[in-house]
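[1] sharing a sequence plus its predicted fold:
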Amino acid sequence: MNEKIAYLVEGLNAKLSAERYSEIVNLTLESVSEGIVVLGGEILKKETLEKVKTILLETFPEIRIVASDGVSILLNERTEILRVSKNLTSMHSGKSFLLEQTNQLLFGDEVALIRDEGDWIYGYSLRDGYLSYTYKKYLGSFSLPAVTHIVADPVALAFDAPCGGKIVTRVLGGTYTAILEESGEMVKIVAAVEGWVAKSSLRSIADLPKDADSLRTQVCADARKLIGVPYLWGGASALGIDCSGLVQWAYRCNGIRLKRDAHLQFEPRLAVDHDFLPGDALFYGENDGSNAITHTSLSLGGWTIIHSSRSNNGVYIDDVQSVPHLRDGFIGAVRYI
């Protein structure tokens, strides 16, 4: 039985850690004795460990206890939480800005420090559950006042004074912030560099639409604000954005958290059929029977979509039925609202 249990543990390691940007599963079988299985190794999240324990108990009914005190749970109440201290920072597949960019984070976003590796950390983005390397000098240990507003313009210019001041920074759309002072139509906000921005560039979290139709409409209107923004692999802002980044950004501006990659955003429990409502996310893949998702978009109603694509080199509106690779590669759609 020991060999069978060990084989299952190895298989679960491989299966659960296949999502290398969202999971760490490296468990070991320490011992099996008198119906007690003892696990060691490391895992990112406690809930994943509980899932493994449940599978072991269901697969081997003769097991009485799965002991896991020796497992290191990397994301726990003692894990150091850092925040992005710049307007924008990137995440990468390794410890270099020259390696693949996997994600971007905005000012104030929280990152759990999983491994400290000098100038870089292996971090876990708490907003979208994403694991990658990010530059430690662009993070900090600081607290923020309770956020009350979201920057809803693609870019908000911040000045050193409410009238006739100099530009001190550019705060990116999707940044969660708080108002420190007000002067007419200008407000001073928390950002990488505190400054005065037009109040109209902000959206009050308390005033987000409460009804589904209005919220869907606003999500689509936000996505339209990025028309013409260049395509950028791993991009998540108005400076450059990819397909899943656009979907995530439009929802982020409306207080809704989505996962980062297209295949992670596809949640079968939320699947819907045509006719699609504005704000539904449509997904596409290779037409090879595997249903592997490689692209996503937002419906503006029916088959009319807005998406960031390599073929357009940016964010534009298309009709799925008029674009062969979209029509033939369509896999399914989900509804978040």
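    All right, it came through fine.
[2] residues of stretch 80-89 that come out buried?
    82-84, 86-89 (16 or more other C-beta atoms under 10 Å). For every residue, glycine as well, the C-beta is placed using N, CA and C.
[3] so in terms of bridging, what pairs with the closest residue to Asn13 other than its chain neighbours?
    Excluding the flanking residues, the one nearest Asn13 by C-beta to C-beta, 6 or more residues apart in numbering is Val25, at 5.2 Å. Applying DSSP bridges to Val25 gives these bridge partners: Ile43.
[4] next: Tyr316.
    His307.
[5] surely it touches Ile306?
    Yes: in terms of C-beta atoms under 8 Å, Tyr316 counts as a neighbour of Ile306; the distance is 7.3 Å.
[6] ok, the two, which is more surrounded?
    Taking other C-beta atoms under 10 Å, Tyr316 and Ile306 do not tie; Ile306 has more neighbours (21 against 17).
[7] residues in contact with that one?
    220, 223-224, 227, 246, 297-298, 300, 315-318 (C-beta atoms under 8 Å, 6 or more residues apart in numbering).
[8] next: Arg224.
    Contacts of Arg224 by C-beta under 8 Å, 6+ apart are Ile306.
[9] how about it, phi and psi?
    phi -60, psi -30 (degrees, to the nearest 10).
[10] same deal with Val155?
    Torsion angles, degrees, to the nearest 10, at Val155: phi -140, psi 130.
[11] my guess is it contacts Val171. True?
    Yes: if you go by C-beta under 8 Å, Val155 and Val171 touch, sitting 7.3 Å apart.
[12] these two: which is more packed in?
    Legend: neighbour count by other C-beta under 10 Å for Val155 and Val171, higher for Val171 (28 against 16).
[13] looks to me like that one is in a strand.
    Yes: looking at Val171 with DSSP: H, G, I helix; E, B strand; the rest coil, it is inside a strand.
[14] isn't it up against Pro154?
    No: contact criterion C-beta under 8 Å: Val171 and Pro154 do not qualify, at 10.4 Å.
[15] what comes up buried for the helix or strand where Asp213 lies?
    Per DSSP states H and E: Asp213 is located in helix 212-224. Using 16+ other C-beta under 10 Å as the test for burial, helix 212-224 gives 215-220, 222-223.
[16] strand partners of the helix or strand following that helix, parallel vs antiparallel please.
    Counting by DSSP H and E, the next helix or strand C-terminal to helix 212-224 is strand 236-237. With DSSP bridges as the test, strand 236-237 is paired with strand 240-241 (antiparallel).
[17] if we look at the strand it pairs with, which residues are touching it?
    With C-beta under 8 Å, 6+ apart, strand 240-241 has contacts from 226, 229-232, 235, 249, 308, 315.
[18] so who does the residue lying closest to Thr79 once chain neighbours are set aside touch?
    Leaving aside its sequence neighbours, Thr79 sits nearest to Ala112 (C-beta to C-beta, 6+ apart; 4.9 Å). Applying C-beta under 8 Å, 6+ apart, we find Ala112 in contact with 75, 79-82, 123-124, 126.
[19] any idea what Ser90 is bridged to?
    Bridge pairing for Ser90 - DSSP bridges - gives Gln104.
[20] from Val219, how far off is it?
    25 Å (C-beta to C-beta, to the nearest Å).
[21] ok, Arg260 next?
    17 Å.
[22] so is Leu56 in a helix, a strand, or just coil?
    Going by three-state DSSP: Leu56 is helix.
[23] alright, I will stop here.
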